[in-house]
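**Q** sequence? don't have it. structure:
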């Protein structure tokens, strides 16, 4: 038996592409750029406030809140970013809005709406009811 040596030793077969008509994951395609604009609103919490990281993250999830914080930062800097994956979740609660490549994002984040309180773990729900 000959030892495996030479240039073909590490050669790999081509990676098969999925069957015809196969839909790739949304993250495979490069998302279009959006230009977020800051919508100045009174009240609410600034982006770096612990309330957002603690309660909004527990209710919406870390990826959605991460998208929100990136949008706020991009709007403050006036830079375009790739269209976030969680736009629908954020728009459902009035945190972002717009159409096409134009997108607005709130300058501050409001308190959790009542409908999201039910998504919180019991301990966090109790914190909020006690003025957390």
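**A** Nice, thanks for sending it over. Owing to the predicted nature of the structure, the values given are computational and were not obtained by experimental measurement. Numbering: from 1, shown residues only.
**Q** the strands in this structure, which residues?
**A** Per DSSP state E, the chain carries strands over the ranges 33-39, 81-82, 96-99, 102-106.
**Q** end to end, how far does stretch 49-59 reach?
**A** Separation of the first and last residues of stretch 49-59 by C-alpha to C-alpha, to the nearest Å is 16 Å.
**Q** show the average pLDDT along it.
**A** The average pLDDT within stretch 49-59 is 93.
**Q** and it, what's buried?
**A** 52, 55, 56, 57, 58, 59 (16 or more other C-beta atoms under 10 Å). C-beta here means a position set from N, CA and C on the backbone, and glycine is covered the same way.
**Q** what does stretch 61-69 give?
**A** If you call a residue buried by 16+ other C-beta under 10 Å, then stretch 61-69 has these buried ones: 64, 65, 67, 68, 69.
**Q** how about stretch 118-125?
**A** Neighbour-count burial for stretch 118-125, counted by 16+ other C-beta under 10 Å, picks out 120, 124, 125.
**Q** using TSV, lay out the residues you listed together with distance to residue 96.
**A** As requested, the buried residues of stretch 118-125 are exported to TSV (distance: C-beta to C-beta, whole Å):
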residue	distance to residue 96
120	22
124	24
125	25
